[in-house]
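Enquirer: pasting the sequence and the predicted model now:
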Amino acid sequence: MAQLPILQFEEKIIETVEKNQVVVIIGETGSGKSTQLSQMLHRRGYTKSGIIGVTQPRRVAAVSVARRVAEELGVQLGEEVGYAIRFEDRTSERTRIKYLTDGVLLRESLSDPELGQYSVIILDEAHERSLNTDILMGLMKRLIRMRSSNLKVLITSATLDGDKVSKFFFDCPLLTVPGKLYPVEILYSNERPKSYLESCLKTAIDIHTKEPEGDVLIFMTGQDDIEKLVSKLEEKVYNLEEGSCMDAVVLPLHGSLPPELQVRVFSRPPPNCRRFIAATNIAETSLTVDGVVYVIDSGYVKQRQYNPSTGMYSLDVVQISKVQANQRAGRAGRTRPGKCYRLYTSMDYQEDLLDVTVPEIQRSSLAGSVLYLKSLDLPDIDILRFDFLDPPTSESLEDALKQLYLIDAIDENGSITKIGQTMAELPLEPSLSRTLIEANEYGCISHALTVAAMLSAETTLLPGRRKNADKKRKHRPVDPPDGSGWGDHIQLLQIFELWDQENYDVNWCKDRDLQVRGMLFVKDVRKQLCQIMQKIAKGSLDVWTSRNQKESRAEYWNLRKALCVGYANQLAERMIHHNGYRTLSFKPQVVQVHPSSVMKPDEDGKFADYVVYHELITTSRPFMRNVCAVQVEWVMPILNKVKNLNVNKLSGGSADLTSEPMEGNVKDSLKKEDGGTTPTLDGHDNKIQAARERFLARKGKK
Ligand code: CDP
Ligand code: MG
């Protein structure tokens, strides 16, 4: 293997780290930041006094990079080198280099705010601007003061505006590792294709038949279109005249791919064989595939966004930003000059693409993060004055506070409650952690754990909800239970209980077309949640197994009641003269039960009067996904609470929400640091602001 660019800078990097507490390192994707920095610091003794922790915004990246580093050091994964992602900890006493998702590090800081076991923390892939990394950056700023003698913080990024981060960390040094990037020829389409899938296929075959050897990386938007592309491309390649061109293999690469299939992308291809890799934006910066000479860029990415005024998620296929387009193109020039085929016009690129990607903090629900920050109980941290690299909107902070108040996590003055403290200890979204706590009161914790685990599966378990449920099956699968008319949560519970009664037989899952890997994951998650609950409840739980639970309507009653408390902010009322529901805790809007739901109208064609839902998602229309029928008498106290809500008080009183206080605060703190000069918004800030405005305008038009 040729030497990675970053290794040539080892002396410089070590010297800078030795002299400074925070260092920003910018280097091209593939230059060795994720795999080499930790090893470098390890070689120089930084693991003697503690662990080197490297955060990754993506689970897949944490696993894959840890595996690679373990391999390079010749150690067993989970020993000296390990990883920790939500619900999966592969570290041991001996672990010195630990890759972990940013979410896991945040959680660790809850039990140990000083993160005492770490000697070095590397916030990797900071350019992804994930919500958790952004929050960690704010926390690090505080932590470096507290541990000024024994903690080093490195922030690494491929494209991030380094000056801005350096400024954020009191003008810390910024090292740039020049990437050895070969020229990449950019080829634009003459017009925007009607179907980017077809256009991808055509371009791929053109490359294969006309261009010299070299792998092809194709950027698609998600698992669905990747699977389609893979099967169509395989067919086309197979039908090419034998001997007319070299062999080819087509590989998918996305976050829900089983690990054993992910590994294939990193192993050596057979000789005289071209690889086509159809990937999501995971291959943009977090994973580097060697051997790529051609890139096909669809120009799109799938992005989950949250609208705080409606509480609605949408999973949109949106245009990438210019920064992303350039990252994608860059993948073609790592080993020699390459080509990037953009399936859009140069006019599209110039005029349509946003300059930079909108940071996640400005398009997600913040309830979990706000709860977390409140639970840190640090006198010097006020959520509204928290130091963010880019502040979230006041609207989304208000939305978060409101939700937390409705589920009793904070009181009317915005202070965290005991319930809130307990909730923060659970690695679940606030609605589910609240449900668990309530369920424990009602004696149905076992059921609630199952539901929470089922909803935490990273993949879709049920065949009806998978787009590509195995169509090749000869036998029709056995129908799953129906939720007894109470909806999807109860159905999820029933499925798990039946499986439990079958001793977790995988064939039972197969007969029902349930995703086996997902179900096994659920079982493991349930066990972990159970252990955490046990700790919280100081051993007063007896929930190791759900076996021998009688399924009966009465048993579901309490669970539904607990769900109603947990989902207090996700409540909807059936409209009498309309076919649909009206949401109650957000600005009222008309929503429908998602067609995949087991919740069906009764014989009179009537739906339940009140339901809670797991999420609102807009596809063609606004839908509630995963709904559970609740009783009107449980709903009334919530509605009263909604009526008496005073968001200004919740925010902690004095702060004026409408004037975006955090931004003022960032400036204030900087002012103190650099002797009185107020920094002006730099170009990057303006760009993000402009991007955000255009993004919102576009959303508004929809
Ligand atoms: O983080 P950065 O993008 O700078 O690079 P990296 O992830 O450290 O990758 C450096 C090199 O390690 C890549 O070019 C790959 O050759 C190799 N690598 C690999 O083969 N398998 C992995 N799972 C990760 C990296
Ligand atoms: Mg990396």
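Expert: Cool, the structure landed. Numbering: from 1, shown residues only. Ligands and ions are numbered 1, 2, ... in the order given.
Enquirer: contacts and neighbour counts: CA atoms only from here.
Expert: OK.
Enquirer: which parts of the helix ranked longest in the chain are buried?
Expert: Determined from DSSP state H, the single longest helix within the chain is helix 516-536. Buried residues in helix 516-536, counting neighbours by 16 or more other CA atoms under 10 Å, are found at 516, 518-523, 525-534, 536.
Enquirer: helices and strands of this protein: which one bottoms out on pLDDT?
Expert: helix 661-673 (a mean of 34; mean pLDDT, DSSP states H and E).
Enquirer: check the gap between the residue in the stretch 501-650 of the chain positioned nearest to ligand 1 and residue 44 for me.
Expert: Residue nearest to ligand 1 within the stretch 501-650 of the chain: residue 517 (22.0 Å; CA to the nearest ligand atom). Computed as CA to CA, to the nearest Å, the residue 517 to residue 44 distance reads 41 Å.
Enquirer: now do the residue of the chain most remote from its centre against ligand 1, distance only.
Expert: Within the chain, the residue lying farthest from the chain centre (CA atoms, centre = their mean) is residue 243, at 44.1 Å. Look at residue 243 and ligand 1: by CA to the nearest ligand atom, to the nearest Å, they are 31 Å apart.
Enquirer: make sure that residue is indeed in a strand.
Expert: No. Using DSSP: H, G, I helix; E, B strand; the rest coil, the secondary structure at residue 243 is coil, not a strand.
Enquirer: does the longest helix of the chain pack against any helices or strands, and if so which?
Expert: helix 445-455, helix 506-511 (3 or more CA pairs under 8 Å, 6 or more residues apart in numbering; DSSP states H and E).
Enquirer: and that helix with helix 445-455, angle?
Expert: Counting by axes from the mean of the first three to the mean of the last three CA atoms, to 10 degrees, helix 516-536 points 140 degrees away from the direction of helix 445-455.
Enquirer: C-terminal to helix 516-536, what's the next element?
Expert: Counting by DSSP states H and E, the next helix or strand C-terminal to helix 516-536 is helix 553-566.
Enquirer: just the CA trace of the helix or strand that that next one is followed by, in PDB.
Expert: Once helix 553-566 ends, the next helix or strand along the chain (criterion: DSSP H and E) is strand 571-574. The C-alpha trace of strand 571-574 is given here as PDB (Å, rounded to 0.1, in the frame of the first residue of the first chain):
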ATOM      1  CA  LEU A 571     -51.500  12.900  19.700                       C
ATOM      2  CA  ALA A 572     -54.300  13.000  17.100                       C
ATOM      3  CA  GLU A 573     -58.100  13.200  17.200                       C
ATOM      4  CA  ARG A 574     -60.400  11.700  14.600                       C
END
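Enquirer: ok, then the element right after strand 571-574?
Expert: Later in the chain than strand 571-574, the nearest helix or strand by DSSP H and E is strand 581-583.
Enquirer: for whatever helix or strand comes next after that next one, list every residue counted as buried.
Expert: Once the chain leaves strand 581-583, the next helix or strand it forms, by DSSP H and E, is strand 590-593. Buried positions in strand 590-593, judged by neighbour count with 16+ other CA under 10 Å: 590, 591, 592, 593.
Enquirer: grab the nearest non-local neighbour of the last one.
Expert: In space, not counting the residues next to it along the chain, residue 593 is nearest to residue 624; the distance is 5.1 Å by CA to CA, 6 or more residues apart in numbering.
Enquirer: helices or strands next to the helix or strand where the one you found lies in the packing?
Expert: Element membership for residue 624 (DSSP H and E) is strand 622-630. On a contact count with 3+ CA pairs under 8 Å, 6+ apart, strand 622-630 meets helix 488-501, helix 553-566, strand 590-593, strand 610-618.
Enquirer: what are the contacting residues of the third one?
Expert: So the one you mean is strand 590-593. 579, 580, 581, 582, 583, 599, 621, 622, 623, 624, 625, 627 (CA atoms under 8 Å, 6 or more residues apart in numbering).
Enquirer: how far off centre is it?
Expert: Relative to its chain's centre, strand 590-593 lies at 26 Å (CA atoms, centre = their mean, to the nearest Å).
Enquirer: that one pairs with which strands?
Expert: Here strand 590-593 is paired, per DSSP bridges, with strand 581-583 (antiparallel), strand 622-630 (parallel).
Enquirer: CSV please, covering those strands and showing mean neighbour count and distance to residue 425.
Expert: Converted to CSV, the strands paired with strand 590-593 look like this (neighbours: other CA atoms under 10 Å; distance: least, CA to CA, whole Å):
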stretch, mean neighbour count, distance to residue 425
strand 581-583, 24, 29
strand 622-630, 23, 24
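Enquirer: using CSV, lay out these together with mean pLDDT and distance to residue 266.
Expert: Shown next, in CSV, are these (pLDDT from 0 to 100; distance: least, CA to CA, whole Å):
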stretch, mean pLDDT, distance to residue 266
strand 581-583, 94, 47
strand 622-630, 94, 36
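Enquirer: out of the ones you listed, flag the one nearest residue 203.
Expert: strand 622-630 (35.8 Å; CA to CA).
Enquirer: got the angle for the closest one vs helix 488-501?
Expert: 70 degrees.
Enquirer: I'd like the next helix or strand past strand 622-630.
Expert: helix 632-643.
Enquirer: buried sites along that following helix?
Expert: Buried residues in helix 632-643 (16+ other CA under 10 Å): 634, 635, 638, 639, 642.
Enquirer: the last one reaches residue 404, doesn't it?
Expert: No. With contact defined as CA atoms under 8 Å, residue 642 and residue 404 do not form a contacting pair (11.8 Å).
Enquirer: what distance do you get for residue 68 to ligand 2?
Expert: 12 Å (CA to the ion, to the nearest Å).
Enquirer: nope, residue 406 is what I meant
Expert: Taking CA to the ion, one finds residue 406 at 40 Å from ligand 2.
Enquirer: please begin residue numbering at 375 from this point
Expert: In the new count, where the first residue is 375, that last one comes out as residue 780.
Enquirer: so who does residue 552 touch?
Expert: Taking CA under 8 Å, 6+ apart, we find residue 552 in contact with 379, 401, 402.
Enquirer: ramachandran coordinates for it?
Expert: phi -70, psi 130 (degrees, to the nearest 10).
Enquirer: returning to what we had before: just the ones of the contacts of residue 552 in strands?
Expert: If you go by DSSP state E, those have residue 401 in strands.
Enquirer: which of the contacts of residue 552 lies closest to residue 637?
Expert: residue 402 (22.7 Å).
Enquirer: what sits against the closest one?
Expert: Applying CA under 8 Å, 6+ apart to residue 402 gives the contacts 532, 533, 551, 552, 553.
Enquirer: with adjacent residues omitted, what lies nearest to residue 596?
Expert: Distances taken as CA to CA, 6+ apart put residue 654 closest to residue 596, at 5.7 Å, once the chain neighbours are dropped.
Enquirer: which ones are touching the one you found?
Expert: Residue 654 sits next to 593, 594, 595, 596, 597, 600, 627, 628, 675 when contact means CA under 8 Å, 6+ apart.
Enquirer: count of neighbours near the closest residue to ligand 2 within the stretch 475-624 of the chain?
Expert: Residue nearest to ligand 2 within the stretch 475-624 of the chain (CA to the ion): residue 499, separated by 6.0 Å. Using other CA atoms under 10 Å, residue 499 is surrounded by 27 other residues.
Enquirer: repeat that for the one 10 residues further on.
Expert: Other residues within reach of residue 509 by the criterion other CA under 10 Å amount to 21.
Enquirer: how about the helix or strand containing it: buried residues?
Expert: Here residue 509 sits within helix 505-520, counting by DSSP H and E. Neighbour-count burial for helix 505-520 flags 505-518 (criterion: 16+ other CA under 10 Å).
Enquirer: next one: stretch 392-410
Expert: In stretch 392-410, counting by 16+ other CA under 10 Å, buried: 395-410.
Enquirer: coming back round to it: the helix holding residue 509: what's the following helix or strand?
Expert: Downstream of helix 505-520, the first helix or strand assigned by DSSP H and E is strand 526-531.
Enquirer: summarise which helices and strands that following strand is packed against.
Expert: strand 396-401, strand 492-497, helix 505-520.
Enquirer: list the buried residues of stretch 815-831.
Expert: 818-831.
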